[in-house]
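Peer 1: Structure, please.
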Amino acid sequence: MEQELTRGRGRPRDASIDAAILDATVEELIERGFIGLSMEAVAARAGVAKTTLYRRWPGTQELALEAMRSLVVKPAGEPSAGSARDGLLFLLDRMRGTWADPRFAALMRRVAADGTSQPEVYRSCRDRLIRPQIAAMNLELGRAVDEGLIRADADLDWVRQLITSPILAAAMTHRERVTRAQVEYTLDTVLRGVAP
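Peer 2: Here you go, the predicted model:
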């Protein structure tokens, strides 16, 4: 495993320090949410100087986003070159893996709760965190229309929400994690409902 990361000019960054900071940020977010997150508390928890944080991240919002991204499951491989259904199943399984992590689920519950008092910060972070996943899923849903799996007049945003909601609901309400078989069943049920 690499011990150092190099970004731009200057001294190479120590990957173990970055990891400690991101881990400390996740714990702070779970305990205090966006509202209570501070560079001082993260630095103290990570055992680094506050200047070490500011050399890496300009503020708490950027730090929080990177900490959340550090928990996103990065599966081996890419979506198969198969059908759009296969691509959707791959993306849903990756999402399931991320949301099944108890720390990620706890963090997202806390962040969602903070959204009631700071909706603009919540929306900004949510959009920046999940935009790539939404784009990838929209691409596969478009392929599904092209392949004749989904009728052309279907509301694809709603279809996306239907196939992802069980994963989110389980994590947000402390229920048992969704299995791959359940994800596949949900996807196939929704695809039957929106078929031409």
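Peer 1: Check the offset of the helix ranked longest in the chain from the chain's centre.
Peer 2: In the chain, taking DSSP state H as the definition, the longest helix is helix 119-146. Relative to its parent chain, helix 119-146 has a centroid offset of 10 Å by CA atoms, centre = their mean, to the nearest Å.
Peer 1: what about the most centrally placed residue in the chain, which SS state?
Peer 2: The centroid of the chain falls nearest to residue 72 when counting by CA atoms, centre = their mean (5.1 Å). The three-state label given to residue 72 by DSSP: H, G, I helix; E, B strand; the rest coil is coil.
Peer 1: Now the closest residue to it other than its chain neighbours: which helix or strand?
Peer 2: With sequence-adjacent residues excluded and distances taken as CB to CB, 6 or more residues apart in numbering, residue 72 is closest to residue 98, at 5.0 Å. From N, CA and C alone the C-beta is placed, and that goes for glycine too. Using DSSP states H and E, residue 98 maps to helix 84-99.
Peer 1: what's that helix in contact with?
Peer 2: Here helix 84-99 makes contact (CB atoms under 8 Å, 6 or more residues apart in numbering) with 71-73, 75, 79-80, 104-105, 108, 133, 136-137, 139-141, 143-144, 146-147, 149, 163-164, 167-168, 170-171, 177-178, 180, 183-184, 187-188, 191.
Peer 1: Quick one: name whatever helix or strand follows it.
Peer 2: The first helix or strand that comes after helix 84-99 along the chain, using DSSP H and E, is helix 102-114.
Peer 1: What residues of that next one count as buried?
Peer 2: For helix 102-114, a neighbour-count test (16 or more other CB atoms under 10 Å) marks 104-111, 114 as buried.
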